[in-house]
Structure formats: C-alpha cells, structure tokens
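1. Sequence and predicted structure below; questions after.
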Protein chains: 2
Amino acid sequence: MKSIGVIDIAREAGVSTATVSRVLNSSERVSEDTRAHVLEVIERLGFSPNASASSLRRGRSDAIGIAVASISQPWYVKLIRELRRAVTARGMTTVVYDLEHSSRVLIEHTESARRLRLAGMILATGDRLDEAEVSDSLHRLAGSMPLVVIGQRLDDATWPTVSFDDVAASAAATEELLERRGRPVLFLGSSRRSFLSDQRREGVRRALEARPELLRDSSFVVLDGPMDYAAGYAEAASRAHELRRYGLIFCVNDELALGALRALGELGLRVPEDVMVIGYGDVDMLPYLTPSLSSLSGDVNAIAGDALDAIMAGIAGEPAFAARVHSRRIVHRESTEVREG
Amino acid sequence: MKSIGVIDIAREAGVSTATVSRVLNSSERVSEDTRAHVLEVIERLGFSPNASASSLRRGRSDAIGIAVASISQPWYVKLIRELRRAVTARGMTTVVYDLEHSSRVLIEHTESARRLRLAGMILATGDRLDEAEVSDSLHRLAGSMPLVVIGQRLDDATWPTVSFDDVAASAAATEELLERRGRPVLFLGSSRRSFLSDQRREGVRRALEARPELLRDSSFVVLDGPMDYAAGYAEAASRAHELRRYGLIFCVNDELALGALRALGELGLRVPEDVMVIGYGDVDMLPYLTPSLSSLSGDVNAIAGDALDAIMAGIAGEPAFAARVHSRRIVHRESTEVREG
DNA sequence: CTGAAAGCGCTTACAG
DNA sequence: CTGAAAGCGCTTACAG
C-alpha cells in the first residue's frame, strides 16, 4: 500500500503540489477558499506529510535537539518540558537525548544530531566537557548547527552558554550555615567527571577559608562512581566514626543527601540537632522526607528562556549573548533548622 | 558553505556514489581496499550522511520511537535506557517521547512519529488509552508502522501488548499483608485517567472479598489530579481522624506512598507499628527512606525484551505474539515488617 | 493567488 | 565488485 503524498492531495483537490505545500506551511499567500478545500482533502485522506522529504528539501529539520546529562534527574526533566513547551509554541519540534552521564553516549548523540540536520541543539550537563573527544564532538556539532550549552563554559567555546553561579551559591550557603553552627564541614561528591561538583566544592572551600581552624578539620570527599542514593549512604556510613565531628554535610546533589540522611539515622545521629544536611537541586520530594531536606534551588524557567532566546537567534542567523549567569537560592527545611551561636 | 555529500566523497575517492553508499551501509559487497579508502576519505572530510535523504529514499527512518507516560518516573527511564541499548546494538536509533501523562501530548507525538516515518513505535503507559481521540490516534499510528504497547491491552488492539498482571500482584500482596495484620485497607490512587490504577485497586478489592468485614471498613480513594508526593501527603493528612482504623495503606505508586509516609509521621503514627505502607514501582530511593518502603516490583528487562522482539518482528514483516503478561514481585522493607496474628 | 519544473542527497535495481 | 541513472516526496524560485 503506497502511502499518499502531496501529489495525491493535489490531484484530489484539483490544485498543484505547490499549493498543497503552501497550505501545509501556512505562512504563504493562498486564497481562503483554496486553503479550506485543500485542508479538507488532507483531513479526509488522512495525509501526513513526509518529514524527511521536507527536511531534505529545506536543508534542515524543524526539530531542536535537547540533550541532558540524565533524564533520571528531575531538574533536567523540568528543563526538557519547559523547552518543549516553548519550542512547540513556536511551531517547531524537539528531540530528546538522554546522555546517561556518559561521554560515549554524548558523542553518539551529537553524531546522530548532525546526521539529522537538526535546526539546533541545546545541551545541558554538569559533567565535564573538556575531555578531548567530547570537546571535538562539540566543536564539530557547533560547526554544523547552532549550539547552546547549559551548565558550563568551555574556554574555547564559540557558542552561547547559560549557567548558575554555583561557586557563589555554595559559598553563601556555607557561610550562612556556619553562622548557625561553627563546626567543620563534610563535603560529599566531588567527582573527577563533574564540572559542577568542582564549582560547588570550590564555593564551600572559599567560605571555609575565613575560618582556617574549621577548614583544617573539614573533609572533601571525591566520589568516582555515580552520585546517587547508594553512594550517599555508603559514603556517610563508611565515616561513622568521624561523623560527629562535622556540623554540616554538604552534598553535591539531593540524591547523595537523601542517602546520607538514611545512614545518619541508622547511626543514631539526629538531623539537624547533631548534624545539618543540605543538597543541591531542590527536587520535588524533599519537603516530604523526614526530616525534610534543605537544598540549593535554581530556576528552570530563567535558564530555559535564555537558552531558547540564544538558540532561536542562532537559527535566525543573528548574534546571541556569549554567556549568561543566574544565581541560586537556598531553601531551608528541617535538615538545617537549628539555632546556636 | 555547502556541506559535503556522497558526491564529494565519491569524487575525492575516485569511485561512484553507489560505492560510497555501499560503504556507509556496510552490509554490501565492496572490496576491502575500496572500503578502507572510502572510509578514510569520509573521515578526512568529516562527512556526515544526511539522514533525511536516506530515510526519504528508503521509505522510512531507521529510528524506533519510545513513548513513555512520564520521564519523571524512574521505571520508565530504566525502560528507555534498556530499549535504547538493545536498539542501538541492532544498528538502529531511538527517539524518545515524554507523554507527560497527557492525551494531547500523546496525540501530538503520534502525529510527529507518523510524519517522521519511524520504523516502529513502542508505547509504554498506564494511562487510559480507550478515550476516543487517543484510540483513533493509535489505530492510525498502527496503520502506518509497527506498534507495540506496554502496560495495557485495548479491546480492539491490532498490535502486540506486554504488561504486568497487576490485579494478581495487588491481590497477592494484599492477602499476604492481611495475614500479617487483619485490618481494613486504605487504597490511595484510583484516578479515572489511569488504567493501571484500576487494575491495582481491583486486585486489592478481590483479596478483601474473602473478608467481608474488612472490606466494609476499607476505603478506596479516587484521585483526579496527579499522583505525586504532594497528593499522597494531602490525601493521608486529610484523613487524620480515621487513619488509625487501617492496618495498611496501599498506594498505587511509590510517590504517593512517600507522601503518605510524611503525613503519617507528622500525625504521630508509626510505620509499620501502627500502619503498614506499600507502594508500586520499587524505585531506587525506597531503601534509603526512613522507614524504608516496601513496594511491588516489575522486571524492566523482561518487558523490554518482549517489546523489542515484537517490534523487530513487526519491522521485518513477521507476525509477533498478541499479548504477553509478566508477574510482579513484592519487595518487603521496613514499612511492612511486622508480625502479628 | 497559482502552477510547472527543478532539485535537495541519498539508495538501489539493473547492467556489466 | 562497481557504475550510471532513476526516483523517494517534498519546497521554492520563477513566471504568469
């Protein structure tokens, strides 16, 4: 069964294929009568235009790629949905890529995006992009379509970037919490593969520099595997003997914080009375934990808006900003609710 | 800057475009020397074949669509990743669709899939598909490509389906827990838009039928909004006065269970001493909650394997099974750890 | 406002 | 094993 195409519609409607095409891409001048008639025929025959033919002829697809570090992290899911909403409203489509925190998958997806001749690509990740192979892929990608990166800026980036100032956010949060309780800090989650983790650690370190005696007794744990619930649990549990020395466990994400919370409970430490805990990301479940978890929150809509402006400018061939930086907000919940000196 | 195509590669390599194409689609007979030479030229010029041209010529894309009810639910994320792994291993690609639990989005995505002439579509959702507009979309989709549905079977389905027997799973779990504690049950989460929710409720009801006095005092709550943390919390909290009457809160998913857990804690009810709680899905975080949450778990790999077999059969034009049903397993954690009469 | 016709970049049946 | 050439289904510059 041969599927029907513009030729069939044109014949049935008694017009040319050019007119059918103009109706499909509404922006053109077609008389109202003709348009209505053609649309009726399209509807009646159940015609679905072939996107490959259209993309081939136009030289590019009408889809924007959205690649995120991991679709199992709620913040990225929100970002995807917000971007999809905005892109759809502009009459374009999206294709979602889950990087699974893997360089290999990132490279596979960039190649796929190039083959598809996407209209543009928005890449959001906190994983390091400066590894040679990855960086090469990105430059190749940026050479074939507009690219916007959310989360970090490579030194040799030729594309717009949008990010949070996580150094500042971590520093501010740490200072605030040190005032509540002036004790050493345990920082969980500096992976070699994570750019954001480095930023967050750096902020904590800076805040502690003002109190050398606390900095000396603080610890910065380097995780090399996944930064998930299990890792948070294992890292906290394995430090059972020294945990009482810290006033705050600063986790690079909410998953680690949740895992750590469980370990602390098993060890008989109370949160926040014995030790405070804070995470990063402010995922939806935090208010429902016991104790509810404090976190550093970042506005998805602001980031999505900037990324969209930049990608649309790129598609239109116009210049966009080089870098935009947003700030985060600390959300206090039970895990940091304590008042001392 | 005109991007390079097979013609450029052919000229540079001193062969015909037919040969270049054969090298790209490795399956063909090409001499080793020619192949190596052409590959070298492709690499050197950074050639990326135009997927639209290829799809147009072949009559369909090499991508399989994976549409899931929501990418904010971990089980679906696991399914996506497992399917992607398997599809990639077969030399094809995937495109991910997030239905956001919305019929409108589902319809948009099926139209998009049709325009893209995907090789096939795997749809996984527990939301009802029997609404007229949705059902029409599915039949239209199934008319243009192989379709496999995970999660439910429509009466007039012409496509293979894979699902869990949630009636049986709920019934078995309820029976087992009623033996631990013979008290009425509060069932949370029967939404009118959810097929799976109906199945799960039905299983609980059947198990209770054997104990009419318990069935009489049990409650089945119908939620009409999202079934998330906030809903679980709100529903449990709003029943503060009657909560002590139940021996078990049976939640249609883990998110509701987590929300309910928090509400119970605030009300001073102990889990599992005062009331047991169980969810559905067995997401990764459950062991790290306090108390850790019991859940009904379903094997992703078994489902993914069946779906893949069916879609591949469909693509090859071969017949596949009509329906496959898998069973779930109860995973006991602290929230159901209690022994009585 | 509308149509005739060229052409986007591949793949493949056919011929050698 | 390799090449010449047709054709997939659209869109658009051009002409009227």
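-> That came through, no problem. Numbers count the residues shown, from 1 in each chain, chains lettered A, B, ... in the order given.
2. May I have the secondary structure class of A:R244?
-> Classification of A:R244 by DSSP: H, G, I helix; E, B strand; the rest coil places it in helix.
3. Show me what the one helix or strand A:L296 maps to packs onto, helices and strands only.
-> If you go by DSSP states H and E, A:L296 is part of strand A:294-297. Contact partners of strand A:294-297 among helices and strands, from 3 or more Cβ pairs under 8 Å, 6 or more residues apart in numbering or on different chains; DSSP states H and E: helix A:166-180, strand A:276-280, strand A:329-331. For the C-beta atoms, the positions are set from N, CA and C on the backbone; glycine is no exception.
4. pLDDT of it, averaged?
-> The predicted model assigns strand A:294-297 a mean pLDDT of 98.
5. List of residues touching that strand?
-> Outside strand A:294-297, the residues that touch it by Cβ atoms under 8 Å, 6 or more residues apart in numbering or on different chains are A:166, A:169-170, A:173, A:254, A:257, A:276-283, A:286, A:328-336.
6. Need the helices and strands packed on strand A:294-297 in a markdown table (columns: distance to A:S112, mean pLDDT and mean neighbour count).
-> Shown next, in a markdown table, are the helices and strands packed on strand A:294-297 (distance: least, Cβ to Cβ, whole Å; pLDDT from 0 to 100; neighbours: other Cβ atoms under 10 Å in any protein chain shown):
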| stretch | distance to A:S112 | mean pLDDT | mean neighbour count |
| --- | --- | --- | --- |
| helix A:166-180 | 30 | 96 | 20 |
| strand A:276-280 | 30 | 97 | 28 |
| strand A:329-331 | 36 | 97 | 15 |
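7. nearest to DNA strand C, of those?
-> With Cβ to the nearest atom of the strand as the measure, helix A:166-180 is the member of these nearest DNA strand C (41.1 Å).
8. could you point out which element follows that closest one?
-> Following helix A:166-180 in sequence, per DSSP H and E, is strand A:185-188.
9. Show me what the mean pLDDT comes to for the helix or strand that comes right after that next one.
-> Proceeding N to C from strand A:185-188, the next assigned helix or strand is helix A:195-209, under DSSP H and E. Mean pLDDT, computed over helix A:195-209, is 96.
10. ok, the residue nearest to A:M92 when sequence neighbours are not counted to A:S219 distance?
-> Once flanking residues are discounted, A:M92 sits nearest to A:D62: 5.0 Å by Cβ to Cβ, 6 or more residues apart in numbering or on different chains. In this view, A:D62 and A:S219 are 51 Å apart by Cβ to Cβ, to the nearest Å.
11. Could you check which of those two has the larger neighbour count?
-> A direct count of neighbours by other Cβ atoms under 10 Å in any protein chain shown for A:D62 and A:S219 places A:D62 higher, at 18 against 14.
12. residue contacts, the more buried one?
-> A:A51, A:S54, A:S55, A:G91, A:M92, A:T93, A:A119.
13. of the residues you listed, the lowest pLDDT goes to which?
-> Least confident of the contacts of A:D62 in the model: A:G91, at 91.
14. Sketch out the low-pLDDT regions of the stretch 1-150 of chain A for me.
-> Within the stretch 1-150 of chain A, the stretches with pLDDT under 70 are A:1-2, A:27-28.
15. whoops, I mixed them up, the stretch 201-341 of chain A
-> Scanning the stretch 201-341 of chain A for pLDDT under 70 picks out the ranges A:339-341.
16. show me where it has helices.
-> For the stretch 201-341 of chain A, helices defined by DSSP state H, counting those that start in this stretch occupy the ranges A:212-217, A:229-237, A:254-266, A:300-315.
17. can the longest one be found next to chain B?
-> No. Taking Cβ under 8 Å from any Cβ of the partner chain as the criterion, helix A:300-315 and chain B are apart, separated by no less than 12.9 Å.
18. what's the answer for the second one, then?
-> Yes. Contact of helix A:229-237 with chain B (Cβ under 8 Å from any Cβ) involves A:Y229, A:A230, A:G232, A:Y233.
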